[in-house]
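Enquirer: Predicted structure and sequence below. I'll ask about it afterward.
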Amino acid sequence: MSRVLKSIAVFMLMMVFAVSCNKPLEPNNGNGQQNDSIIDNDGMLYGHAFVDLGLPSGILWATCNIGADTIEELGDYFAWGETTPKELYDWKSYKYGRFIHERYELNKYCTDSVYGLDGFVDHLALLELEDDVARACWGGSWRMPTIEEWDEMFQNTSNVWTTQNGVNGWRFTASNGNSLFLPAAGYYWNGELNAADLGVYWSVTLNEEYPYRAWGFHFNSFQCHLCGSSDRNRGQTVRAVVGRDDL
């Protein structure tokens with residue numbers, strides 16, 4: 001082989017080696033910096049664990065509440081559409097409306113002018129992402145579930161009232177053997193915690209008939225049900241979800 005051909009062969013081999021040894025790009029966290037810890041193989045997204053219940057939609061559920069670090073911890077409480085906890089949960093402090101002179105005056109998420117401020121209506125029936133506390137607190141693709149996604153989880157699991165590390169709640173077990181624990185955390189009304197033996201979890205879904213209320217997943221020690229709606233100014237717990245395609 002001539003010296004020229006040998007030089008070309010060596011150059012091509014070096015090029016192949018250089019290409020094969022380049023490190024693939026890590027996922028981008030949206031701020032122009034590479035981040036190799038957004039998702040890992042242990043069911044974590046942005047540092048928060050999820051569980052696969054084998055649901056038809058592929059929705060994955062967070063294993064703990066927003067504001068909690070463990071499965072049993074109650075976490076923080078939020079008014080519907082607000083993204084930070086507070087000391088007092090009432091209509092005076094609520095971001096998107098008030099109750100004054102025996103009437104509701106909503107200024108966002110209103111489907112009936114009877115309840116709107118000066119007849120306000122925007123026909124928004126689902127929380128926008130800017131008002132979704134799961135997205136605000138955890139980032140990424142985390143979000144609050146719809147009432148339909150709560151129903152899917154409930155319909156596709158078996159459930160039992162139990163006590164886990166001293167905390168009461170319901171455990172929901174899927175056919176794939178994976179389970180989800182929801183602690184009974186009660187709710188805040190004004191400055192007091194009420195009904196600590198209840199579970200009252202928000203969804204993103206507005207009660208369109210009575211838009212000063214929003215739907216959620218409710219349970220006590222005897223039963224779970226999806227038909228509960230609560231005044232939007234109440235402080236309730238939040239469990240996040242993420243779509244499999246959003247990972």
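Expert: Arrived safely. Numbers count the residues shown, from 1 in each chain.

Enquirer: What is the burial count for the closest residue to Ile66 other than its chain neighbours?
Expert: Excluding its sequence neighbours, the residue lying closest to Ile66 (Cβ to Cβ, 6 or more residues apart in numbering) is Val238, at 4.4 Å. Quick note: C-beta positions are derived from backbone N, CA and C, even for glycine. By the measure other Cβ atoms under 10 Å, the count of residues near Val238 is 26.

Enquirer: Val238 is in contact with Arg135, isn't it?
Expert: No. Contact criterion Cβ atoms under 8 Å: Val238 and Arg135 do not qualify, at 10.8 Å.

Enquirer: Can you pull the residues that touch both of these two?
Expert: Both Val238 and Arg135 are in contact with Met144, where contact means Cβ atoms under 8 Å, 6 or more residues apart in numbering.

Enquirer: So what does the spatially most central residue of the chain have for phi and psi?
Expert: For the chain, Ala240 is the residue whose C-alpha lies nearest the centre (Cα atoms, centre = their mean; 2.0 Å). Dihedral pair for Ala240: phi -90, psi 160, per degrees, to the nearest 10.

Enquirer: now Asn194
Expert: Torsion angles at Asn194 (phi, psi; degrees, to the nearest 10) stand at phi -120, psi 150.

Enquirer: ok, so what distance separates it from Asn207?
Expert: According to Cβ to Cβ, to the nearest Å, Asn194 stands 20 Å off from Asn207.

Enquirer: Of the two, which one has the most company?
Expert: With neighbours defined as other Cβ under 10 Å, Asn194 and Asn207 compare such that Asn207 has more, 19 against 13.

Enquirer: got a list of contacts for stretch 182-199?
Expert: Residues from elsewhere that reach stretch 182-199, judged by Cβ under 8 Å, 6+ apart: 65, 71-75, 77, 87-90, 164, 167-172, 200-201, 217-221, 224, 230, 234-237, 239.

Enquirer: Show me which of those are buried.
Expert: Those of those that meet the buried threshold are 65, 71-72, 74-75, 77, 89-90, 167-172, 200-201, 217-220, 224, 230, 234-237, 239, by 16 or more other Cβ atoms under 10 Å.

Enquirer: Among the residues you listed, name the ones in strands.
Expert: The strands, defined by DSSP state E, take in 167-172, 200-201, 217-219, 224, 230 from the buried ones among the contacts of stretch 182-199.

Enquirer: surely Leu129 meets Arg143?
Expert: Yes. Because the distance of 6.9 Å satisfies Cβ under 8 Å, Leu129 is recorded as touching Arg143.

Enquirer: Identify the contacts common to those two.
Expert: Common neighbours of Leu129 and Arg143 (Cβ under 8 Å, 6+ apart) are Arg135.

Enquirer: which one of those two has more residues nearby?
Expert: Per other Cβ under 10 Å, whichever of Leu129 and Arg143 has more neighbours is Arg143, with 21 against 12.
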